[in-house]
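S.K.: Build me a structure from this.
(one chain, ligands or ions: 2)
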Amino acid sequence: MLNLLILQSDLQRSRILEASLANKVDKWNMHFLVDAESAWHRLQTSSIDVMIADFAVANENTLVEKVRESFPDIIRIGLVDQSWPARSGLSNFHQFLITPFAVKELEVAVERSCRLRDLLRGEAMSHTVGAIGQLPSAPTVYMKLIERLNRPDTSVDDIAEIVEGDVAISAKLLQLVNSAIFRTSREIATVGLAASYLGITSIKNLVLSTEVFSFFENKPGMARFSINELQTHSQLTAKIVGELDLSKETRETAIVAALLHDIGKLVLAWKMPERLSRLMAKANEQNCPLYQIEEDLWGITHAEVGAYLLGLWGLPISITEAVAYHHSPEKVPHHRFDALGAVYVANLLAHENEGTPTNFRATWDHDFLEEMGVAKNLPIWRQCANGIRT
Ligand SMILES: [Fe+2]
Ligand SMILES: [Fe+2]
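M.R.: Ligands and ions are numbered 1, 2, ... in the order given. Prediction:
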């Protein structure tokens, strides 16, 4: 039984939601509340798994901040309306739902976030993390951005100033923003313009995806692993995501997830080089994708290791989840083709384009594509992906 706290300041909206979730009572124990004070009291007296709260109410009363600090395990889902101007306090939530939302959307968001939490806290994962030892802390520029974004008066200029403080990162960021991935109609010459064009949150996540590769480059033990090859593969995956028919928001999430989807391989190459090269050799020998060998011999794959690290660094669930399940999207419930599905498709198409010797073609899950209503798009997507040059 999952314990949910649902905080909406409007009593009528709260009652409507309660009525529409009536069929969940055998699975969810729900506490509907209308003010932050009683919500805080309930959080202290009951064991809550998920808090779903109006963004404004939870933020104005610093409730969500207190929850993040005192109960970090509680999944925090913010409810926002379409004309949402908020910029500060974003990182206090794991994810957002835009109102009005379909009940199915809420159900999927709750179930998927709990499943991801269980996956990343499961026994196999803690065993692996224990064996890996200390994980790297989040890269510097990214951390500075997070810290700045937590302040209420953050502007595009502040963000630009932080990024521009690191010449190499800002050059890489501009290169990325102007690459075919984003299909911009004009050249974006400054970080400030990039931040106004893509939004501060996207810039923060893109900074992470550029900074991460430089971070691993200089680590000892990486000699046998080609970071360049992985970076090219990640960028190709992101370019293919850019070609798929997705909403602007989903596309941006999926692009960051695509750039980071194999980050777990970097962690393993650094921390367990022997083990990774053994598994890679076996994958080649058996002409089978690495993740299948990892799963068979290890019970956990680079996908979960990467997601675990990104979760530690505070990335949103939508990105962490797309990384965790990029080889197995069917493991979580869906209500539409989203960032996770997009990264799954783009990764396989990238492997096809690269002519990876392992048998990736055989791994397509056609039932999943049918269920998402996108199976018919595959031939055209494949054609687009084959036309992309790296
Ligand atoms: Fe992968
Ligand atoms: Fe990949």
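
S.K.: now the strands for the stretch 201-350 of the chain?
M.R.: Counting by DSSP state E, counting those that start in this stretch, the stretch 201-350 of the chain forms no strands at all.

S.K.: can you list the weak-confidence ranges in it?
M.R.: Across the stretch 201-350 of the chain, the ranges flagged by pLDDT under 70 are 221, 223.

S.K.: Ligand 2 contacts on that one?
M.R.: For the stretch 201-350 of the chain, the residues in contact with ligand 2 (Cβ under 5 Å from the ion) are 262, 347. The C-beta positions use only the backbone N, C-alpha and C, and glycine is treated the same way.

S.K.: Would you map the helices across the stretch 201-350 of the chain?
M.R.: Under the criterion DSSP state H, counting those that start in this stretch, the stretch 201-350 of the chain contains helices at 227-243, 248-260, 263-271, 273-285, 290-298, 302-312, 317-324, 339-354.

S.K.: what comes up buried for the first one?
M.R.: Yep, that's helix 227-243 we're talking about. Neighbour-count burial for helix 227-243, with 16 or more other Cβ atoms under 10 Å as criterion, is recorded at 227, 230-231, 233-243.

S.K.: The second one too?
M.R.: Judged by neighbour count (16+ other Cβ under 10 Å), helix 248-260 contains these buried residues: 249-260.

S.K.: The most centrally placed residue in the chain and Leu21: what is the separation?
M.R.: Closest to where the C-alpha atoms of the chain average out (Cα atoms, centre = their mean) is Ile319, at 0.7 Å. Plainly put, Ile319 is 27 Å away from Leu21 if you go by Cβ to Cβ, to the nearest Å.

S.K.: Please apply the same query to Lys172.
M.R.: From Lys172 to Leu21 the distance is 45 Å (Cβ to Cβ).

S.K.: Let me see the contact set for Thr301.
M.R.: The contact partners of Thr301, taken as Cβ atoms under 8 Å, 6 or more residues apart in numbering, are 264, 290-291, 294-295, 327.

S.K.: and those as TSV, adding neighbour count?
M.R.: Shown next, in TSV, are the contacts of Thr301 (neighbours: other Cβ atoms under 10 Å):
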residue	neighbour count
Gly264	27
Leu290	21
Tyr291	22
Glu294	26
Glu295	16
His327	23
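
S.K.: Test my guess that Trp381 contacts Leu244.
M.R.: Yes - look at Trp381 against Leu244 with Cβ atoms under 8 Å: they come within range, at 6.6 Å.

S.K.: list the helices and strands whichever strand or helix holds Leu120 packs on?
M.R.: Taking DSSP states H and E as the definition, Leu120 sits inside helix 103-121. For helix 103-121, the elements it packs on are strand 2-7, strand 50-54, strand 75-81, strand 95-99, helix 302-312, helix 317-324, judged by 3 or more Cβ pairs under 8 Å, 6 or more residues apart in numbering; DSSP states H and E.

S.K.: Of the ones you listed, flag the one that's most buried.
M.R.: Mean neighbour count, computed with mean count of other Cβ atoms under 10 Å, is highest for helix 317-324 among the helices and strands packed on helix 103-121, reaching a mean of 27.

S.K.: Not counting that helix itself, show me its contacts.
M.R.: Identification of contacts with helix 317-324 by Cβ under 8 Å, 6+ apart yields 75, 94-95, 112-113, 116, 119-120, 205, 253-254, 256-257, 260-261, 263-264, 303-304, 306-307, 310-311, 332, 338-340, 342-343.

S.K.: Next, the angle helix 103-121 makes with it.
M.R.: Interaxial angle, helix 317-324 versus helix 103-121 (axes from the mean of the first three to the mean of the last three Cα atoms, to 10 degrees): 60 degrees.

S.K.: number of nearby residues for Phe32?
M.R.: Neighbour count for Phe32, taken as other Cβ atoms under 10 Å: 16.

S.K.: go on, Gly373?
M.R.: Residues lying near Gly373 (other Cβ under 10 Å) number 10.

S.K.: And for the one 10 residues further on?
M.R.: Residues contacting Gln383 under the criterion other Cβ under 10 Å number 11.

S.K.: by contact count, what packs against the one helix or strand it maps to?
M.R.: In the assignment (DSSP H and E), Gln383 maps to helix 378-387. Contact analysis of helix 378-387 by 3+ Cβ pairs under 8 Å, 6+ apart lists helix 227-243, helix 339-354 as its packing neighbours.

S.K.: Identify the residue spatially nearest to Glu111, adjacent ones excluded.
M.R.: Of all residues not flanking Glu111 in the chain, Pro333 sits nearest, at 5.6 Å (Cβ to Cβ, 6 or more residues apart in numbering).
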